[in-house]
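A.B. asks: My questions are about this predicted structure, shown below with the sequence.
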Amino acid sequence: MSSTTDRTKGKRLEWVDIAKGIAILLMIIGHEVKNPHIYALIFSFHMPLFFILSGYTSSRINNWSKFFYKQKKSFKKIWLLAILMVILLNIEYLIFTPNYSVQNFWYNVLQGTFWGSNIPVFGIIGVGVMWFMFVFFWSKLLFDMFQVLLSDIYSGMILFVLSGVSMIWCQNFAHFLPQALDIVPVAALFMWVGAFTRKKVNFNNLNNLDKLIFTFIVLFWFICFICKIYIELSVRHYPGLFIPVIEALGGTFAICLLSKWIPAGKVSELLQNVGKHTLAVLCIHHLDLYWVTWQNYIQSWPLAAVVRLVVDLLLLVLFIYIQHLFTKRKELA
């Protein structure tokens, strides 16, 4: 593979935002999908893509000073935000759900903060889509720590082993860790692949070996989701262990190449804007009251997917508008 990269320091890559926009929209749709083939297609790559592109766009962490600075920033913007989202969701339940007491509120907030997982086990409540933010925080910490301690090759080897152990443990014993820490090695491995790809592949000028590898892995992705094989990190679904991991790489690379080919226009502009605000979309999706109140009013899953997509995007437009007003007021102050 080539040694150049198309990443421009300090500048957002449009195709990365487009790819993230596609993935986050598919996340909303995927939560309503009942068709097994469409479900397998969406879940074959949509959440791994975020971890892979995080590794692709992250700057190198080569000393402890930079490491602690990054983790402090991530703790405030990711982990604490996840806790806030858990609290806000339970406030919604407190307001709209009959017999949901203040005691239930504090019990579920404390449990959710401890557990940080989408799966409620041992009587501990899950936190819905916020599992991603807990996993993202800890996987970024692990990935960055390995960057300081080890060379890239050794980091990849250790993350590969840790991921295998974690997947085998979850599949055979169904015992999960607080803060969804058992998912963290797999997510960090995806980040490592993204960082490795950034170093070795120039998406603007793929050489023949790059094209051959990408063709193979994309075909592998296509065959897997047609056979309804997919990775689902939140529920620890790893059929064939590393088979769906490789499949997720193929799906991510396919979406990245597709994102580069989408011509400039309204569609690409919309996807870019959504991709720039994926964290906001995730939080909106978490708090859109669908699970709390109105999910039982729509019986058709395609209609539910479309309606929820529209509602979440309208809320995103409102969020961007309010954000713009605050930014403008701050500049005038």
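C.D. replies: That came through fine. Predicted model only: the values in this text are computed from it and were never measured. Numbers count the residues shown, from 1 in each chain.
A.B. asks: Centre of the chain to the longest helix that the chain contains, how far?
C.D. replies: Ranked by residue count under DSSP state H, the longest helix found in the chain is helix 301-332. In terms of CA atoms, centre = their mean, to the nearest Å, the centre of helix 301-332 is set 19 Å apart from its chain centre.
A.B. asks: how about the helices in the stretch 51-200 of the chain?
C.D. replies: Listed in chain order, the helices of the stretch 51-200 of the chain (DSSP state H, counting those that start in this stretch) span 64-74, 80-96, 102-115, 131-149, 152-173, 184-200.
A.B. asks: Any idea which of the ones you listed gets closest to residue 294?
C.D. replies: For the helices of the stretch 51-200 of the chain, proximity to residue 294 was assessed by CB to CB; helix 80-96 is nearest, at 9.9 Å. C-beta: built from backbone N, CA, C; applies to glycine.
A.B. asks: list the buried ones in the closest one?
C.D. replies: Across helix 80-96, burial judged by 16 or more other CB atoms under 10 Å covers 81, 82, 83, 85, 86, 89, 90, 92.
A.B. asks: Can you list the low-confidence ranges for the stretch 201-333 of the chain?
C.D. replies: For the stretch 201-333 of the chain, residues meeting the criterion pLDDT under 70 lie at 333.
A.B. asks: Check the stretch 1-150 of the chain too.
C.D. replies: 1-10, 122-124.
A.B. asks: Would you mind listing the buried residues in stretch 289-309?
C.D. replies: Buried, per 16+ other CB under 10 Å, within stretch 289-309: 290, 291, 292, 298, 304, 305, 307, 308, 309.
A.B. asks: Residues contacting that stretch, please?
C.D. replies: 25, 28-29, 31-35, 89, 92-93, 96-97, 128, 285, 288, 311 (CB atoms under 8 Å, 6 or more residues apart in numbering).
A.B. asks: Of all the helices of the stretch 51-200 of the chain, which one comes closest to residue 251?
C.D. replies: helix 184-200 (11.7 Å).
A.B. asks: Can you name every helix or strand that that closest one contacts?
C.D. replies: Contacts defined by 3 or more CB pairs under 8 Å, 6 or more residues apart in numbering; DSSP states H and E place helix 184-200 against helix 46-57, helix 131-149, helix 152-173, helix 242-261.
A.B. asks: again, only using 6 Å
C.D. replies: helix 46-57, helix 131-149, helix 152-173 (3 or more CB pairs under 6 Å, 6 or more residues apart in numbering; DSSP states H and E).
A.B. asks: ok and that helix relative to helix 46-57, angle-wise?
C.D. replies: Using axes from the mean of the first three to the mean of the last three CA atoms, to 10 degrees, the direction of helix 184-200 lies 50 degrees away from that of helix 46-57.
A.B. asks: relative to helix 152-173, how tilted is helix 184-200?
C.D. replies: Using the same axes, to 10 degrees: helix 184-200 against helix 152-173 is 150 degrees.
A.B. asks: Could you identify the helix or strand that succeeds helix 184-200?
C.D. replies: Of the helices and strands lying after helix 184-200 in sequence (DSSP states H and E), the nearest is helix 208-226.
A.B. asks: Extract the C-alpha trace of that next one and format it as PDB.
C.D. replies: C-alpha atoms of helix 208-226 as PDB (Å, rounded to 0.1, in the frame of the first residue of the first chain):
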ATOM      1  CA  ASN A 208      -3.100  -1.500  -7.900                       C
ATOM      2  CA  LEU A 209      -2.400  -3.300  -4.700                       C
ATOM      3  CA  ASP A 210      -4.800  -1.000  -2.800                       C
ATOM      4  CA  LYS A 211      -7.500  -1.600  -5.400                       C
ATOM      5  CA  LEU A 212      -7.000  -5.400  -5.200                       C
ATOM      6  CA  ILE A 213      -7.200  -5.500  -1.400                       C
ATOM      7  CA  PHE A 214     -10.200  -3.100  -1.300                       C
ATOM      8  CA  THR A 215     -12.000  -5.100  -4.000                       C
ATOM      9  CA  PHE A 216     -11.500  -8.300  -2.000                       C
ATOM     10  CA  ILE A 217     -12.600  -6.900   1.300                       C
ATOM     11  CA  VAL A 218     -15.700  -5.100  -0.100                       C
ATOM     12  CA  LEU A 219     -16.800  -8.400  -1.900                       C
ATOM     13  CA  PHE A 220     -16.300 -10.100   1.400                       C
ATOM     14  CA  TRP A 221     -18.500  -7.500   3.100                       C
ATOM     15  CA  PHE A 222     -21.200  -8.000   0.400                       C
ATOM     16  CA  ILE A 223     -21.200 -11.800   0.700                       C
ATOM     17  CA  CYS A 224     -21.400 -11.600   4.600                       C
ATOM     18  CA  PHE A 225     -24.400  -9.300   4.800                       C
ATOM     19  CA  ILE A 226     -26.200 -11.200   2.100                       C
END
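A.B. asks: which outside residues touch it?
C.D. replies: Under the criterion CB atoms under 6 Å, 6 or more residues apart in numbering, residues 1, 40, 41, 44, 201, 247, 249, 250, 251, 253, 254 lie in contact with helix 208-226.
A.B. asks: how about a cut-off of 10 Å?
C.D. replies: Contact partners of helix 208-226, identified using CB atoms under 10 Å, 6 or more residues apart in numbering, comprise 1-2, 37-45, 197, 200-203, 206, 229-231, 239-240, 243-244, 246-257.
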